[in-house]
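>>> the following block contains a protein sequence and its predicted model.
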Amino acid sequence: RVKRTNPLIVVKPTRPPGTGPPHPGSMVCRFRSGLGILRQFPFSSALQRMTVIAKNLDEQSLVAYCKGAPETVARLCTPHSVPDDFQSVMESFTQRGYRVIGLAYREFKGSLKESDIKNVNREFVEQAMTFTGLVVLENRLQKVTTSVLHELLKAQIRLVMITGDSTLTAIQVAKESGMIGVAERVIRVKAKSPTASSKATVSWRSLREPGQLRGQRQEAPQPRCESEETKPKIHFVIDGPSLSVIEDRFPELLSKVTLYGTVFARMSPDMKTKLIKCLQNLEYVVGMCGDGANDCGALKTAHVGISLSQLEASVASPFTSKLPTIECVPILIKEGRAALVTSFCAFKYMALYSMIQYISVLILYYISSNLGNWEFLYEDLFITSAIAITMSRNKAYERLVAQRPNASLVSPQLLVSVLMHIGLCSTFQLLGFLLVQTQPWYNPWHQGAQACSSNDTFYGALAQRQRNGSGILVNMQWKISNYVNTTVFFVSVFQYITIAFVFSMGKPFRKPISTNYLFLAVLIVLYLSTLFLMLFPNTSLDMFFEFVCIPYIWRIYILLMVIAHFVLSVTLEEAVTNNHRLWNWLRRVYCPSSSLAKHKRLHQELQDDPAWPPASVSEAHRHPVQ
């Protein structure tokens, strides 16, 4: 066991191998024995910096070192230590997408004793510092990032960047990743707090000359087609302090800035959470993807929070990705949509199953008949249970589409589908009920009626006479074993299978039904078993299910009705329920604008406003204090 007696955290400098001894005046020579960190002021998102107090083990002097946002560190330094070209040099790097960190230090020449370090406050340490320089870091975008963002944009999903980096760095990263197109307009929004001599102002500046992509040639803007909107797509860029001023002083602009905002830079954790709430107030469904402790509040507030880290952020986030990249986002969207569609399809199937059986019982009640016990069991257990267990195994479709599934059980599209299939099933069951009564061999209650040839047997009546000689019980048995019962049973059983097939067709949110092998096998087995019962009559099975013997030609007629119902069901489902263009047209014609989401109504209003956005190349638009 090592007993730690020295409270210092010692950091020793290194030099590349093969180099000679350090020059006597170099920094490495000054810190030959290393630096001992005595106290640390951790990084704060609100302050945008961190500081440590260290001890030079060679000279036994105390020094404070600070790193953070360059503009923040520069304000802590003495004016003569900050170079005159500080701002231009910093912007030259940030405009090219580099991350820039400012460095500063302060030597305590007797003004701070080692015994007072624990009690000294941060404000005393972080003042009158000497600016050291800039650290420029290049954080390249991963290849998967650009492809994922392109997939989300193609699916018409709005993308917003919320970052703590500088505004210019964030703009360039947004351009490199494809969030901001080459020919699209970028407006930087800047708000200033009121002072003793001036009021709060908001300035709007159009960025006409974007920075070059790192290592790439800037492409020429693409010409717009005449069929496109008169206004080009607009992206607002704003930082956290400006957003706070707008929230406090110009609340009427907050929703508009949020609607058009694409890049939000220098955002603190609280501002990230407030921005998520603003988007939710515009009736967006907000998903947040983050990987740090600063994102916990926003991840918890969003409708869907995805943590890319398994540390602090995973505690507040409902979803934690095993992948350290944003490729989990489209996967989650596709899986969520597939799960929603599958749930609604299962609901529709169970509703149709209940209504089909309800219609069958009503028809049979009309002639004082009913389904037999084994007929009920065949429908409920053998058919419906097998279908309900396997129909939800369709996986998500591999491509993310712009179309969105219905999010309500009482949506017109879902109700029309259910009512349409109820009417179709009722029509064919009534058709079988009416047509069977027009057949020359039909005789509703005569026990000795023979609808088949002389070699066939009327299984239900014969079985009942063999079991019981009482005339009353034979008549009761006749209420189940009759022509209408047999006809309606076969028509309704095929309807269960057809509806399951129609509601399980895959695209655009689920893979085709052919990929759900277990469900497909269940449908084939059910179809074949029911066809065998109908087309190949067997004495034992007919006695078991209490069928009557019907002519073979009538069985063919029933099969033709089943095929016609299948064709009409598939055609109507594709032509009406899954016709995205039809429903979009109906919404535009019959749905008032008040029924649209709040962000869509606001977007329409601003599109019709010729004075929006209030920005031009030569002048800035300012709003008076409200």
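Happy to help now that I have it.
>>> low-confidence ranges, the chain, go.
For the chain, the stretches flagged by pLDDT under 70 are 1-34, 58-60, 208-232, 312-313, 444-478, 592-594, 615-626.
>>> report all helices and strands that the lengthiest helix in the chain contacts.
For the chain, the longest helix by residue count, based on DSSP state H, is helix 328-366. Other helices and strands packing on helix 328-366, by 3 or more Cβ pairs under 8 Å, 6 or more residues apart in numbering; DSSP states H and E, are helix 143-154, strand 287-290, strand 304-307, helix 386-390, helix 412-437, helix 483-503. All C-beta spots, glycine's among them, are computed from the backbone N, C-alpha and C.
>>> can you redo those as TSV with mean neighbour count?
Formatted as TSV, those follow (neighbours: other Cβ atoms under 10 Å):
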stretch	mean neighbour count
helix 143-154	15
strand 287-290	22
strand 304-307	23
helix 386-390	18
helix 412-437	18
helix 483-503	24
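>>> quick one on the thing from earlier: can you pull the buried residues of the longest helix of the chain?
Across helix 328-366, burial judged by 16 or more other Cβ atoms under 10 Å covers 328-330, 332-334, 336-338, 341-342, 344-346, 348-349, 351-353, 355-357, 359-361, 363-364.
>>> how about stretch 108-124?
Quick answer for stretch 108-124 (16+ other Cβ under 10 Å): 108, 112, 120.
>>> secondary structure and distance to Leu559 for those - can I get that in CSV?
As requested, those are exported to CSV (DSSP: H, G, I helix; E, B strand; the rest coil; distance: Cβ to Cβ, whole Å):
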residue, secondary structure, distance to Leu559
Phe108, strand, 97
Leu112, coil, 97
Val120, coil, 92
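>>> out of these, who's nearest Cys66?
Phe108 (13.3 Å; Cβ to Cβ).
>>> give the bridge partners for the closest one, please.
Beta bridges link Phe108 to Leu62, judged by DSSP bridges.
>>> just checking, it touches Leu62?
Yes - contact criterion Cβ atoms under 8 Å: Phe108 and Leu62 qualify, at 4.4 Å.
>>> excluding its backbone neighbours, what's nearest the residue positioned nearest the centre of the chain?
Against the mean C-alpha coordinate of the chain, by Cα atoms, centre = their mean, the closest residue is Ile333 at 3.6 Å. Nearest non-adjacent residue to Ile333, counting by Cβ to Cβ, 6 or more residues apart in numbering: Leu400, 6.3 Å away.
>>> likewise Ala338?
Nearest non-adjacent residue to Ala338, counting by Cβ to Cβ, 6+ apart: Ala396, 3.7 Å away.
>>> kindly report the same for Thr530.
Leaving aside its chain neighbours, Thr530 sits nearest to Val493 (5.3 Å; criterion: Cβ to Cβ, 6+ apart).
>>> one step back: distance to Thr78 for the helices and strands packed on helix 328-366 - can I get that in TSV?
Formatted as TSV, those follow (distance: least, Cβ to Cβ, whole Å):
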stretch	distance to Thr78
helix 143-154	41
strand 287-290	37
strand 304-307	42
helix 386-390	75
helix 412-437	68
helix 483-503	74
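>>> these: which one's closest to Gln40?
strand 287-290 (24.6 Å).
>>> so how far is that closest one from its chain's centroid?
Remark: strand 287-290 is offset 10 Å from the chain centroid, using Cα atoms, centre = their mean, to the nearest Å.
>>> give the partner strands of it in its sheet and their orientations.
Strand pairing for strand 287-290, using DSSP bridges, gives strand 304-307 (parallel).
>>> got the contact list for the strand it pairs with?
285-291, 295, 298-299, 313-314, 316-321, 328-329, 332, 336 (Cβ atoms under 8 Å, 6 or more residues apart in numbering).
>>> just to revisit the earlier point, what's the closest of the helices and strands packed on helix 328-366 to Leu168?
Taking Cβ to Cβ, helix 143-154 is the member of those nearest to Leu168, at 19.4 Å.
>>> make sure Val315 is actually in contact with Cys296.
Yes - counting by Cβ under 8 Å, Val315 does reach Cys296; the two are 7.2 Å apart.
>>> who has more neighbours out of the two?
Using other Cβ atoms under 10 Å, the more surrounded residue of Val315 and Cys296 is Cys296, with 21 against 13.
>>> in three-state terms, how would that one be classified?
When classified by DSSP: H, G, I helix; E, B strand; the rest coil, Cys296 comes out as helix.
>>> what about it, distance to Ser309?
Cys296 sits 11 Å away from Ser309, going by Cβ to Cβ, to the nearest Å.
>>> on that earlier part again, could I get the contacting residues of the residue nearest to Thr530?
378-379, 383, 530.
>>> save those residues as TSV, and put in secondary structure too.
Below are these laid out as TSV (three-state DSSP):
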residue	secondary structure
Tyr378	helix
Glu379	helix
Ile383	helix
Thr530	helix
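>>> which one of these is nearest Trp441?
Nearest member of the contacts of Val493 to Trp441, counting by Cβ to Cβ, is Thr530, at 23.1 Å.
>>> would you list every one of the strands in the stretch 101-250 of the chain?
130-137, 161-162, 185-192, 201-206, 234-239 (DSSP state E, counting those that start in this stretch).
>>> which one of those is the most hemmed in?
strand 234-239 (a mean of 22; mean count of other Cβ atoms under 10 Å).
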